[in-house]
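> Return atomic coordinates for the entry below.
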Amino acid sequence: MVDTNRELIEQLVLRPSENLNVEIKTWISLGDPAGQAKIVKAALALRNRNGGFLIIGLNDETLTPDMDKAPANVRAVFHADAIQSLVSKYASEPFQVGVEYVERDGIELPVIVIPSGLRTPVAAKADLYVDGSPQIRADEVYFRTLVANNSVSSTKIKWKDWRDLIEICLDNREADIGRFVRRHLAGVGPSMLQELMAALGGVSPLQQPSDSDQLEAVLDEGKGRFEAVVKERGLALPPHGSWEVAMIIDGEFTPLPLAQFASQLNASNPDYTGWPVWLDSRAFSEADLRPYVLNGAWETLIVRVNPNYLKHIDFMRQAPSGRFYNYRALEDDITSSQNAPTPMKVLDAILPVLRVSEAIAVGLAFAKALQVNEEATLKFAFRWSGLNNRELTSWADPMRYVSSRKTRQDVVVSMVSVPADTPVSALSRHVKAAVQPLYEVFSGFMLSDSVLEELTQKLIERRL
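Sure, this is the predicted structure:
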């Protein structure tokens, strides 16, 4: 059975936008070779992109449900067994697929879930003809990529995409090796570990970036713009704490025109959670929630506090010069779920790990999309505010136990530097460096390395 993140899938259906890990198709007939070819090509391309989602039943242009062509029984037509059988018939390497069904506007839409964990590129192992013309060719490798007009497509892999594909396979193999080493070194003492690390070339701790003043400037400028836009729009926000991230790309790359810059970033955002940092809101129905340009950068303010909606308070800035900022209200204060805590009283111990992991992973994806040089470094600053007198809990995942601890500190800032060529499978040590200052103000609390790695891995594999 394929692990699925139901909340993520629902967000993708409600807020659809095609990117490298999400493909959207109108209704497809599984009995038609043309429809079969579309599903097979999308599945193979998404698998080679390390997993993703194929949403069926949305109009390609409006991204709204196509009511006219929907089958009478969606679950019967797009049954998981039928999809699995079709994909397995043409995939050179077997992999399990799943199907979720999400209702939107009174109609069920099937979402085909392609798992991550690619270790060997998947090719087609048989031809599939449509009206005498081959749509799938044996031995061809398909990949989700940006085409010439910056739109995303599932197509036969091009020479420029082979590096990305190989990196995906190596990252997953590296993650396997890491788990193997940790499992077999579980009983090794600290002194022996230090000797082993030295013999292997050493692993030095992260150093605080020398340009901390620049990162703090990005944080302060972004916070100032957020407050200014809120005031300009006359918005009355509920009391809340906040989490902010600033990122500076320290390396060589060619700045893009604003329109192309936005397209590159939006297509490359891995969208691990359905509501990622620096999300693409261009397709939102509300005009005031869409991005706009100010002082040479894209800005977006998203405020939804109506009880009929999922609550969100987000502000983003993205500059082609390589400066990024995201402000977000703490979920502890604005969540409308049944087990939501009283605002301004607690901080969930797990959510900071997930948000920091996603910010770094998305930053790495952006750097790759902008084609930064191999020596580039991504410099991050994280700031949590409104913490004073909060209690550390685990309300978002009650199955995890966290002992009761309070803090008397109101603001925490941390900074980390991440090489731009860091594989996402190796994020946990950078995440630890970023969240440790936050946890320490709660009477020295710290999550174990194994929990940090587990959470980071689940995020990048979309298994939360």
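> So for G201, what's the pLDDT?
With respect to pLDDT, G201 scores 56.
> actually Y101, sorry about that
On the pLDDT scale, Y101 gets 95.
> ok, and what's touching the one helix or strand it maps to?
For Y101, the host element (DSSP states H and E) is strand 98-104. Outside strand 98-104, the residues within contact range by CB atoms under 8 Å, 6 or more residues apart in numbering are 1-2, 4, 6, 9-10, 13-14, 65, 74-75, 78-80, 83, 108-113, 115. Bear in mind the C-beta positions are built from the backbone N, C-alpha and C, glycine included.
> check contacts around L464.
L464 is in contact with N5, E7, L8, T273, L354, K458, counting by CB under 8 Å, 6+ apart.
> got it, and P33?
The neighbours of P33, taking CB under 8 Å, 6+ apart as the test, are L128, Y129, V130, Q135.
> out of those, who's nearest N150?
Q135 (24.5 Å; CB to CB).
> what's the closest non-adjacent residue to that closest one?
Leaving aside its chain neighbours, Q135 sits nearest to A37 (3.7 Å; criterion: CB to CB, 6 or more residues apart in numbering).
> rewinding a little: buried ones among the contacts of P33?
Among those, those buried by neighbour count (16 or more other CB atoms under 10 Å) are L128, Q135.
> Just send the contacts of P33 back as JSON lines, with secondary structure, pLDDT and distance to I350 too.
As requested, the contacts of P33 are exported to JSON lines (DSSP: H, G, I helix; E, B strand; the rest coil; pLDDT from 0 to 100; distance: CB to CB, whole Å):
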{"residue": "L128", "secondary structure": "strand", "pLDDT": "95", "distance to I350": "44"}
{"residue": "Y129", "secondary structure": "strand", "pLDDT": "95", "distance to I350": "50"}
{"residue": "V130", "secondary structure": "strand", "pLDDT": "93", "distance to I350": "48"}
{"residue": "Q135", "secondary structure": "strand", "pLDDT": "94", "distance to I350": "44"}
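> picking up where we left off before, between the contacts of L464, which is nearest V411?
L354 (20.9 Å).
> And the helices in the protein?
Here the chain has its helices, by DSSP state H, at 6-14, 33-48, 74-77, 80-90, 162-184, 190-199, 212-232, 258-268, 331-334, 351-369, 428-440, 449-460.
> Can you give me the domain boundaries for this protein?
As assigned by automatic domain parsing, the chain contains the domains 6-164, 212-460.
> Pipe those into a markdown table and attach distance to R173 per row.
Shown next, in a markdown table, are these (distance: least, CB to CB, whole Å):
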| stretch | distance to R173 |
| --- | --- |
| domain 6-164 | 6 |
| domain 212-460 | 9 |
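> So which of the ones you listed is nearest E174?
Per CB to CB, nearest to E174 of these: domain 212-460, 5.3 Å.
> roughly how far out does that closest one sit from the chain middle?
Centroid displacement of domain 212-460 relative to its chain, using CA atoms, centre = their mean, to the nearest Å, is 11 Å.
> if we can go back for a sec, of all the domains of the chain, which one is nearest A175?
domain 212-460 (3.8 Å).
> average model confidence for the closest one?
The pLDDT scores in domain 212-460 average 94.
> first vs last residue of that domain, how far apart are they?
Between the start and the finish of domain 212-460 there is a gap of 28 Å, counting by CA to CA, to the nearest Å.
> Likewise for stretch 373-393?
End-to-end distance for stretch 373-393: 41 Å, by CA to CA.
> So which bits of it are buried?
For stretch 373-393, by 16+ other CB under 10 Å, it's 376-387, 390, 392-393.
> okay, the contacts of L464 in CSV with neighbour count and distance to Y292 next?
Listed next are the contacts of L464 as CSV, based on neighbours: other CB atoms under 10 Å; distance: CB to CB, whole Å:
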residue, neighbour count, distance to Y292
N5, 21, 31
E7, 13, 29
L8, 22, 27
T273, 21, 24
L354, 20, 29
K458, 16, 35
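> Could you work out the most separated pair of those residues?
Between all members of the contacts of L464, the farthest pair (by CB to CB) comes out as E7 and K458, at 13.0 Å.
> hang on, the earlier thing: which pLDDT value belongs to the residue nearest to Q135?
Predicted confidence (pLDDT) for A37: 96.
> these two touch, right, A34 and Q135?
Yes: assessed by CB atoms under 8 Å, A34 is found in contact with Q135 at 7.1 Å.
> any idea which residue sits dead centre in this structure?
Nearest to the geometric centre of the chain sits Y272, at 2.7 Å (CA atoms, centre = their mean).
> For stretch 445-454, give me every contacting residue.
Outside stretch 445-454, the residues touching it (CB under 8 Å, 6+ apart) are 182, 349, 353, 392, 402-403, 405, 428, 431-432, 435-436, 439-440, 455.
> hmm, 7 Å instead?
Here stretch 445-454 makes contact (CB atoms under 7 Å, 6 or more residues apart in numbering) with A349, V353, L392, R405, S428, V431, K432, Q436, Y439.
> tell me which residues of it are tucked away?
F445, L447, L452, E453.
> which one of these is nearest I56?
When these are compared for distance to I56 (CB to CB), E453 wins out at 34.5 Å.
> Okay, the closest one and L459: tell me how far apart.
Distance, E453 to L459, using CB to CB, to the nearest Å: 11 Å.
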